[in-house]
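A.B. asks: any chance you could fold what I've pasted below:
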Amino acid sequence: MEVESPGGSESRFIRMIGLRLPMVNQGDDLAELIVEAAAEAGERIEDGDVIVVASKVVSRAKGYVVNPNEVKFGLRSRLLAWLTGREPWEIELIRRGGELVFIMPFSKATRGTGFPELCSVDPTEARRMVESAGDVMLMRVRGLTLLDAGMDYSNCPEGHVCLLPPDPDAEAREIADRIEELTGAKVGVVLSDTEFQPMKIGSIDVAVGVANIFPIRRRFGARDYFGRPKFGGDDSVADELAAAAALLMGQADEGIPVVLFKGVDVEFSREASSEIWRAPSSKVVRVVAIGALKTLVAKLLRLA
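C.D. replies: Predicted coordinates for the structure are as follows:
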């Protein structure tokens, strides 16, 4: 895929190449598979390229895959499972993955919205799946708010679930370093995961880990087209790359878990990590509490 972006008197181009990989299993050298897939696609990995990798293939390669029958759970997980309509082993894995933010009665929340019926090739089966899924849990994981702490069934071995890598930045760094070892090229790596969008139907891929690239474009306060300082400009480049890569990756059986970007304007930094653009949990709680209080006052006084 080639995208043209007008800039000044010259046009800028970004190339996106989806890379098909064989089935990835525990112990596979993921970086080597990526280099081989690029060569098969007629592409050479070069300095300045950015590679987006679906976190799911990292989980499979590193063994972050769990057999539900082997999960031990206690009373708290049993009680929370009863409350949410989930399996105790699911709750146990979710609780291990992060800090609870919010429990959403998903099936009730979707009734009458057109979801998932309007988004499915089989509306009846889609509704059945949603009704039988139980509540979903929003969890705070390494500064991100993720559905079920990133636990997922799709594209995992039969009878298993995939967990989010415990340190996505470290996984991205390992892939970047190994690719440099194999090719001599210094590349950026983004690990992506699919998440839902609050108050909006549909999911979107976001960055959960980065290596070698600064995840935010440092343009806050830069002059706009009319010469005024702009309140903004700090684009989340890592998230934008993850979302763009999803256009080629897809969510089902496309078999493209890696996308190679060429010509992307990013700031390369070996010290950068995804921690840079994540607010501390304590700060988030305080801000939400203050915002909720101000909103309540505005509503009570009918100011808005």
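A.B. asks: could you use CA atoms for every contact and neighbour count after this?
C.D. replies: Fine.
A.B. asks: ok, G291 - how many residues close by?
C.D. replies: As a burial measure, the neighbour count of G291 was computed by other CA atoms under 10 Å and equals 12.
A.B. asks: V57 should be in a helix, yeah?
C.D. replies: Yes: under the criterion used here (DSSP: H, G, I helix; E, B strand; the rest coil), V57 sits inside a helix.
A.B. asks: for it, give me its contacts.
C.D. replies: Shown here is V57, whose contacts under the criterion CA atoms under 8 Å, 6 or more residues apart in numbering are V24, P257.
A.B. asks: show me the strands in the stretch 1-150 of the chain, by range?
C.D. replies: 2-7, 10-19, 50-54, 65-66, 99-104, 136-141, 144-147 (DSSP state E, counting those that start in this stretch).
A.B. asks: right, and these - which one's nearest E43?
C.D. replies: Proximity of these to E43 was assessed by CA to CA; the nearest stretch is strand 10-19, lying at 8.5 Å.
A.B. asks: surely C156 is in contact with C162?
C.D. replies: Yes: shown here, C156 and C162 form a contact pair, counting by CA atoms under 8 Å, at 6.1 Å.
A.B. asks: which neighbours do those two share?
C.D. replies: Both C156 and C162 are in contact with K56, R60, V65, where contact means CA under 8 Å, 6+ apart.
A.B. asks: the second one touches D29, doesn't it?
C.D. replies: What it means is R60. No: with the criterion set as CA under 8 Å, R60 and D29 do not qualify as a contacting pair; they are 11.1 Å apart.
A.B. asks: the more surrounded of these two?
C.D. replies: Applying other CA under 10 Å to R60 and D29 shows that R60 carries more neighbours, namely 24 against 15.
A.B. asks: dump the residue contacts of the more buried one.
C.D. replies: By CA under 8 Å, 6+ apart, R60 lies in contact with V24, N25, Q26, C156, C162.
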